[in-house]
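Asks: Need coordinates for the below:
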Amino acid sequence: METTQPAAVAATDECQADQRPLVLVTVEGGGWHHQTVRILRRLSPEEFRFAYVYGHVDEHHYSRKLAMPHAGARYPIHHIGQTRGRPLRHVTNVGRLALSFWEAWQLLVRLRPAAILAVATPVALPLFMVGRLLGVRCLFVESLTRVRDLSLTGRLIYRLRLAHRLYVQWPGLRERYARTSFAGAVV
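Replies: Numbering: from 1, shown residues only. Model prediction:
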């Protein structure tokens, strides 16, 4: 008598059999997306598996639909979102931040990625904090638009030492922040 496995069990077995390291990549729109795609094109899908996490405030966020160069599952995680012009924004921001840490914990414990790659997105903060606790390698690439100073996210990651490697895209930033790395511009 022949038995067949349910599709979910077969998919789980297939993922467990795949020994390629998993890279969890943050996805945001605009120039961040373009820079992320340029970096990912340098990574081989024969060497790595990919999963994507995107920040959202509600279920209609467009980042979940952005095209990426390699196949991979997508996962939402809350982020603070717009803070200007919103009454009681500090209360809702604290709530969203706490929710994003919980979601990051659940996601990283389930996926067990080898590395997290983030290009200039605030979603990196909860992911990197949890990732460091779990021993996940964290790589942050500051936006190309940051010429004279790091972004708020970049400064927090730098000061809290959340990234194993923080890349800047301008030599002047490398001179100003000693623990950063400069490997040229992505674009």
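Asks: the bottom helix or strand of the chain by mean pLDDT?
Replies: helix 7-17 (a mean of 49; mean pLDDT, DSSP states H and E).
Asks: after it comes which helix or strand?
Replies: Where DSSP states H and E defines the elements, the next helix or strand beyond helix 7-17 is strand 22-27.
Asks: Give me the distance from that next one to the chain's centre.
Replies: 5 Å (C-alpha atoms, centre = their mean, to the nearest Å).
Asks: What is it packed up against?
Replies: In terms of contacts (3 or more C-beta pairs under 8 Å, 6 or more residues apart in numbering; DSSP states H and E), strand 22-27 is packed against helix 30-40, strand 49-56, helix 89-111, strand 115-119, helix 124-134. C-betas here are computed from N, CA, C, even on glycine.
Asks: Okay, buried residues for it please.
Replies: 22, 23, 24, 25, 26, 27 (16 or more other C-beta atoms under 10 Å).
Asks: Leaving out chain neighbours, which residue sits closest to the residue sitting nearest the centre point of the chain?
Replies: The chain has residue 26 as the residue nearest its centroid, 2.8 Å off, counting by C-alpha atoms, centre = their mean. Spatial nearest neighbour of residue 26, excluding adjacent residues (C-beta to C-beta, 6 or more residues apart in numbering): residue 118 at 4.2 Å.
Asks: I am finished for the moment; much appreciated.
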